[in-house]
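with the sequence up front, the predicted model follows.
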Amino acid sequence: MEETPMAQVMNLGGMVAYQEGSVVSRTLIDKKVGTVTLFAFAVGQGLSEHTAPFDAMVYLLDGEADVSISGKPYHLKNGDMLIMPANKPHALKATRDFKMLLVMVRS
């Protein structure tokens, strides 16, 4: 895994690129206490419903996505943030190409 440079100003949106029909990810921080991962989803791509044992925050940097948590729908767009609680089923799908930052806290 390529290490993210420390103490260096970087543009998040430029760190992952869209790829047609794909989901691209780049782990920025991976520690025992949590992870920070950057994703780029092509339109129509997503993550099927699943659960995670930790709370996770999604922040959309670009585009639009539909997210569901325990069956409740949310529509997110550029600049929106949503916290997905631990152990609740959730899924997401790109309604337009979108990039997101996922911050998972393990505690």
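Sure, I can see it.

how close does Q8 sit to V43?
31 Å (Cβ to Cβ, to the nearest Å). In short, each C-beta sits where N, CA and C put it, glycine included.

for the nearest residue to V33 once chain neighbours are set aside, what are its contacts?
Spatial nearest neighbour of V33, excluding adjacent residues (Cβ to Cβ, 6 or more residues apart in numbering): R106 at 5.7 Å. R106 is in contact with 32-35, 54, counting by Cβ atoms under 8 Å, 6 or more residues apart in numbering.

out of these, which are buried?
Neighbour counting over those (16 or more other Cβ atoms under 10 Å) leaves T35 as the buried ones.

of all the contacts of R106, which comes closest to G13?
Nearest to G13 out of the contacts of R106 is T35 (Cβ to Cβ; 19.2 Å).

wait, that closest one sits on S25?
No - taking Cβ atoms under 8 Å as the definition, T35 is not a contact partner of S25, at 10.6 Å.

now do the strands in the chain.
23-31, 34-41, 46-50, 55-62, 64-69, 72-77, 81-84, 90-94, 98-105 (DSSP state E).

could you dump these to a markdown table with mean pLDDT and distance to G14?
As requested, those are exported to a markdown table (pLDDT from 0 to 100; distance: least, Cβ to Cβ, whole Å):
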| stretch | mean pLDDT | distance to G14 |
| --- | --- | --- |
| strand 23-31 | 95 | 11 |
| strand 34-41 | 97 | 10 |
| strand 46-50 | 97 | 23 |
| strand 55-62 | 97 | 10 |
| strand 64-69 | 98 | 19 |
| strand 72-77 | 98 | 20 |
| strand 81-84 | 98 | 20 |
| strand 90-94 | 98 | 19 |
| strand 98-105 | 97 | 10 |
